[in-house]
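>>> please work out how this folds:
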Amino acid sequence: MNVNVKKSSLKYQIAEAVRKEIFRGVLKPGDKVTETVIAQKFEVSRGPVREAMQILVMEGLLVSTTFKETRVSQITTEEVTDLLVPMRVNLETFALKKGFPSWNKELFQQFDDILEKMRRASIFDDLPLFNDVDIQFHELIVLSSKMNNVVHLWESILNRIRLHFIYQNSLSDDLHQYTEDHRVLLDSFKSGDVDAAVKQLEDHLIKTNKTRAELLPDLTNTSQNRE
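The predicted model follows:
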């Protein structure tokens, strides 16, 4: 850690480092996170570590219990099936309908590039990369709407989506099938039929997320109580 970095930016660097460990699966759901351990790891004082942890709590990546402990946030089957998937279906299909008329050759090339990265990640079983490009694929749909309110809603649930991908995909050996699912989705986009594309996107979100939510472990009475 660069000792010359201003303290105000140090907390953001620490937060980013811990965030990456969560997204890469180094820190798992329910794992305890302590100021002392992080401070020792990055050779910094506990002050900026405490501030960094507060940032991650506000982002929903850490859960803090008053006077007790802080742990990596968890995501449950119920949250995925009853909240996250319905929100994504509504948000992404709305964005698709708004943005689709302006999609051009350059945008489709971006989708093709993302799909190729996804294919390579599946070949090398690179789960962190696969999760990143999966996010990029769906984020491109959202951004294409060019509507700030839609983008802000997406950003508000993005970390929960990432947590879902991390925990679900780490329990699955089917990254090749996930890639194929996105290829089929992209083919529907290229058909030029917006209604068919919207229907395919809805089916995709339900099939690849809700129906596989049973892969998520029941963490309610396990990780959260683990010492």
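
>>> tell me, how many neighbours does residue 26 end up with?
Neighbours of residue 26 under the rule other CB atoms under 10 Å: 12. For every residue, glycine as well, the C-beta is placed using N, CA and C.

>>> residue 191 now?
Neighbour tally, residue 191, other CB under 10 Å: 10.

>>> so for residue 172, what's the pLDDT?
At residue 172, the pLDDT value in this model is 68.

>>> and what of residue 77?
So, for residue 77, pLDDT stands at 87.

>>> residue 205 versus that one, what's the distance?
16 Å (CB to CB, to the nearest Å).

>>> which one's more surrounded, these two?
A side-by-side neighbour count of residue 77 and residue 205, using other CB under 10 Å, places residue 205 first with 21 against 17.

>>> so what's that one up against?
Residue 205 makes contact with 85, 88-89, 92, according to CB atoms under 8 Å, 6 or more residues apart in numbering.

>>> as a check, name the ranges of all strands in the chain.
For the chain, the strands defined by DSSP state E occupy 62-64, 70-72.

>>> so where do the helices sit in this protein?
7-23, 35-42, 46-58, 77-79, 85-99, 105-123, 127-144, 148-169, 175-190, 194-208 (DSSP state H).

>>> and the residue most central in space within the chain, how far is that from residue 48?
By CA atoms, centre = their mean, the mean C-alpha position of the chain lies nearest to residue 162, the distance being 1.6 Å. Using CB to CB, we find residue 162 at a distance of 24 Å from residue 48.

>>> how about residue 209, nearest residue that isn't a chain neighbour?
Leaving aside its chain neighbours, residue 209 sits nearest to residue 85 (5.1 Å; criterion: CB to CB, 6 or more residues apart in numbering).

>>> was I right to think that neighbour contacts residue 206?
Yes: here residue 85 reaches residue 206: they are 6.4 Å apart, a contact under CB atoms under 8 Å.

>>> which of the two has more neighbours?
residue 85 (19 against 15).

>>> show residues contacting stretch 155-165.
With CB under 8 Å, 6+ apart as the criterion, stretch 155-165 contacts 22-23, 29, 59-61, 73-75, 79-80, 84, 87-88, 91, 131, 134-135, 209, 216.

>>> wait, I meant stretch 183-201
92-93, 96-97, 100-101, 103, 108, 111-112, 115, 141, 204.

>>> buried members of those into PyMOL, please.
Typed into PyMOL, the line below selects the buried ones among the contacts of stretch 183-201, using 16 or more other CB atoms under 10 Å:
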select buried, resi 92+93+96+100+103+111+115+141+204
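
>>> residue 75 and residue 31: what is the separation?
With CB to CB as the criterion, residue 75 and residue 31 are 14 Å apart.
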